[in-house]
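A.B. asks: Provide a 3D model corresponding to the input given below.
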Amino acid sequence: MRWELKKFRELSPEELYALLRLRAEVFVVEQTCAFQDLDNKDQHCFHLLGYEKDLSEQEVLVAYTRLVPPGISYEAASIGRVVTSPAHRKKGYGKLLMEQSIKKCEQLFGDHTLVIGAQCYLLSFYQSFGFVALGEIYLEDGIEHIEMTRQR
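C.D. replies: Prediction:
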């Protein structure tokens, strides 16, 4: 797997299209959730893209996260829009994606607290990376979420 970390302005039109397409494929179509994905935060964030070669040896975006600087979504830095391609699941890419995301956040923002708004069904997945649930479950776009933090 090949990883790319880019600021919004560094994304090519093809990269931006691929990441928005992947987010729509999972968050809008697969999860049947109509929501405003384009929230004016992307421009201030870093974008971690994970590529894998397909059968024709073309690189395909299979994993993505948005790394959010402190003060944008939360007081602390956060990881959001965590997504892996449905066509490439069960290969461990989600685990690799979170490991890379945490590592890159530490490099970019320092070895500090990270916050996520996790979908509740993924609670144990995020706990495996040291995230701890805080507060009450809340609905976001009709899906149960819970805030989680990771202390260093």
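A.B. asks: okay, CA-based contacts and neighbour counts for the rest of this
C.D. replies: OK.
A.B. asks: looking at this, Lys95 is in a helix?
C.D. replies: Yes: the assignment for Lys95 is a helix, going by DSSP: H, G, I helix; E, B strand; the rest coil.
A.B. asks: For this protein, just list every one of the strands.
C.D. replies: Along the chain, the segments classed as strands by DSSP state E run 2-7, 46-53, 59-68, 77-84, 114-119, 132-140, 143-150.
A.B. asks: Distance to Arg21 added to these, as TSV?
C.D. replies: Converted to TSV, those look like this (distance: least, C-alpha to C-alpha, whole Å):
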stretch	distance to Arg21
strand 2-7	17
strand 46-53	13
strand 59-68	10
strand 77-84	11
strand 114-119	20
strand 132-140	21
strand 143-150	20
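A.B. asks: Among those, which comes closest to Glu30?
C.D. replies: Ranking the strands of the chain by proximity to Glu30 (C-alpha to C-alpha) places strand 77-84 first, at 11.5 Å.
A.B. asks: Point out the other helices and strands that that closest one packs with.
C.D. replies: helix 13-23, strand 59-68, helix 93-109, strand 114-119 (3 or more C-alpha pairs under 8 Å, 6 or more residues apart in numbering; DSSP states H and E).
A.B. asks: For Met148, give me its contacts.
C.D. replies: Contacts here follow C-alpha atoms under 8 Å, 6 or more residues apart in numbering; on that basis Met148 touches 115-118, 131-134.
A.B. asks: ok so, going back, let me have the helices and strands packed on strand 77-84 in a markdown table, extended by mean neighbour count, distance to Tyr126 and mean pLDDT.
C.D. replies: Below are the helices and strands packed on strand 77-84 laid out as a markdown table (neighbours: other C-alpha atoms under 10 Å; distance: least, C-alpha to C-alpha, whole Å; pLDDT from 0 to 100):
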| stretch | mean neighbour count | distance to Tyr126 | mean pLDDT |
| --- | --- | --- | --- |
| helix 13-23 | 15 | 19 | 96 |
| strand 59-68 | 23 | 14 | 97 |
| helix 93-109 | 17 | 9 | 97 |
| strand 114-119 | 23 | 8 | 95 |
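A.B. asks: would JSON lines of the ones you listed with distance to Met148 be doable?
C.D. replies: Output for those, formatted as JSON lines (distance: least, C-alpha to C-alpha, whole Å):
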{"stretch": "helix 13-23", "distance to Met148": "21"}
{"stretch": "strand 59-68", "distance to Met148": "15"}
{"stretch": "helix 93-109", "distance to Met148": "14"}
{"stretch": "strand 114-119", "distance to Met148": "5"}
